[in-house]
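In: Sequence and predicted structure are below.
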Amino acid sequence: MTVTLADVADACNLSASTVSRALSDPGKVNAATRSRIERVAREMGYVPNRVARSLVSGRTDTIGLIVPDIANPFFPPVIKAVQARARDKGYTVLLADTDEHAADELDRARSLGKQADGLILASPRTSIETLRRLGGNGTVVFANRDVEGAPSVVIDEAEGMSQAVEHLVRLGHRRICYLSGPKRSWSNKQRHEAVVAASAAFGAELLELGPFEPQIQAGMRAADVLQSAGATAAIAYDDLIALGVMARLTEQGMQIGREVSVIGIDDSPMSQAAYPMLTSIHVPGVELGTTAVDLLLARIQDDADAPETDGGAIRLETRLVIRGSTGLPVT
């Protein structure tokens, strides 16, 4: 026999409305009462009827997450963090992958927007004008894209890139190549600006090659061009391109970390599976996903304790993780 909310209320000797608030909006019920209700509900095997609750509240207790490419190592930690945080808050996540087709993002947003209480768009490729229109809805949050006037959480590339260039210059590298990512990528623009500024600050000559797609195969093609550029070190747009570079150069008999130094960006799990292990700029994907959920739910629930944005985007720091793919240049 199905256990109902009224059954739990009778067992707790409380009103059904109090039990409902404790299970659906815990902050409105004192901790001791909430704990007792949760324990009784668990022991009785009570399962909330989300459909019925949504009819009453107008909410689905669901949020949508749209990513450009679920296969890109940058996104799985973000996705898992969004799912974990949402689950802790009593929400389910609907996931959509646009497969790097920027034109599909708006359609995905419209579709998920009909099913979810709010949306998170991670690293969207859509034009800023389109994103501003979407951002006019208070229940849309942008992750890893700064959209003026809309709630956003972004990665601050400057510190990590500065550490990367300083690390290479201290090793003795003077001619550094940046292997750029897709032209449509907002992150690529931020990373390019950061590496230009850092190279000027530390007196390094900077070359730029690309654009390249965030794929290992693209990195292998980049390696062929890199060899003729005369650079002793390369910073790639992401770990996938960097790993492709390492694979091709190793295949051609070059020693990574000696004859050429390579740095990636993302610090993905794959960076430690390579040989030598890849030096990479750590990007806080887990914090990005968690903060985006907090920001979105605060708006869905009209929470006065929403994360503070100071009128702009919440910015998360990056840092360099040094491993074996960087070393002294051969003289």
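Out: Thanks, I have the structure now. Everything quoted here is computed from the prediction, not taken from an experiment. Numbers count the residues shown, from 1 in each chain.
In: show me where pLDDT drops low in the stretch 201-331 of the chain?
Out: For the stretch 201-331 of the chain, residues meeting the criterion pLDDT under 70 lie at 303-311, 331.
In: the helices in it, which residues?
Out: Under the criterion DSSP state H, counting those that start in this stretch, helices of the stretch 201-331 of the chain are mapped to 216-227, 239-251, 285-300.
In: And the stretch 1-150 of the chain, by the same measure?
Out: Counting by DSSP H, counting those that start in this stretch, the helices of the stretch 1-150 of the chain are 5-12, 16-24, 31-44, 50-57, 75-88, 105-113, 128-135.
In: for residue 189, phi and psi?
Out: Backbone geometry at residue 189, expressed as degrees, to the nearest 10, gives phi -60, psi -40.
In: could you check the distance from it over to residue 241?
Out: In this structure, residue 189 lies at 16 Å from residue 241, with CB to CB, to the nearest Å as the measure. For every residue, glycine as well, the C-beta is placed using N, CA and C.
In: Of the two, which one has the most company?
Out: residue 241 (31 against 14; other CB atoms under 10 Å).
In: which residues does residue 82 contact?
Out: Taking CB atoms under 8 Å, 6 or more residues apart in numbering as the definition of contact, the neighbours of residue 82 are 63, 65, 93, 120, 289-290, 292-293.
In: before we move on, the earlier item: I'd like the helices of the stretch 1-150 of the chain as JSON lines, with distance to residue 265 appended.
Out: What follows is the helices of the stretch 1-150 of the chain, written out as JSON lines (distance: least, CB to CB, whole Å):
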{"stretch": "helix 5-12", "distance to residue 265": "49"}
{"stretch": "helix 16-24", "distance to residue 265": "41"}
{"stretch": "helix 31-44", "distance to residue 265": "42"}
{"stretch": "helix 50-57", "distance to residue 265": "39"}
{"stretch": "helix 75-88", "distance to residue 265": "14"}
{"stretch": "helix 105-113", "distance to residue 265": "23"}
{"stretch": "helix 128-135", "distance to residue 265": "23"}
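In: can I get those in JSON lines with distance to residue 280 and mean pLDDT?
Out: Shown next, in JSON lines, are these (distance: least, CB to CB, whole Å; pLDDT from 0 to 100):
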{"stretch": "helix 5-12", "distance to residue 280": "50", "mean pLDDT": "86"}
{"stretch": "helix 16-24", "distance to residue 280": "42", "mean pLDDT": "80"}
{"stretch": "helix 31-44", "distance to residue 280": "42", "mean pLDDT": "87"}
{"stretch": "helix 50-57", "distance to residue 280": "41", "mean pLDDT": "49"}
{"stretch": "helix 75-88", "distance to residue 280": "13", "mean pLDDT": "94"}
{"stretch": "helix 105-113", "distance to residue 280": "27", "mean pLDDT": "86"}
{"stretch": "helix 128-135", "distance to residue 280": "28", "mean pLDDT": "80"}
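In: and stretch 165-180, how far from the chain's centre?
Out: Here the centre of stretch 165-180 is set off from its chain's centre by 26 Å, with CA atoms, centre = their mean, to the nearest Å.
In: Pull the contacting residues for residue 21.
Out: In this structure, residue 21 makes contact with 28-29, judged by CB under 8 Å, 6+ apart.
In: please redo it, this time with the cut-off set to 10 Å
Out: When contacts are counted by CB atoms under 10 Å, 6 or more residues apart in numbering, residue 21 is found next to 15, 27-29, 33-34, 37.
In: for residue 41, same thing?
Out: Applying CB under 10 Å, 6+ apart, one finds that residue 41 lies in contact with 3, 5, 7-9, 11-12, 19, 22-23, 47-48.
In: repeat that with 8 Å
Out: With contact taken as CB under 8 Å, 6+ apart, residue 41 is in contact with 8, 19, 23.
In: so which of the helices of the stretch 1-150 of the chain gets nearest residue 318?
Out: Taking CB to CB, helix 75-88 is the member of the helices of the stretch 1-150 of the chain nearest to residue 318, at 14.0 Å.
In: That closest one to helix 285-300, inter-axis angle?
Out: Using axes from the mean of the first three to the mean of the last three CA atoms, to 10 degrees, the direction of helix 75-88 lies 40 degrees away from that of helix 285-300.
In: Report the buried residues of helix 75-88.
Out: Burial within helix 75-88, assessed by neighbour count using 16 or more other CB atoms under 10 Å, is assigned to 75, 77-79, 81-83, 85-86.
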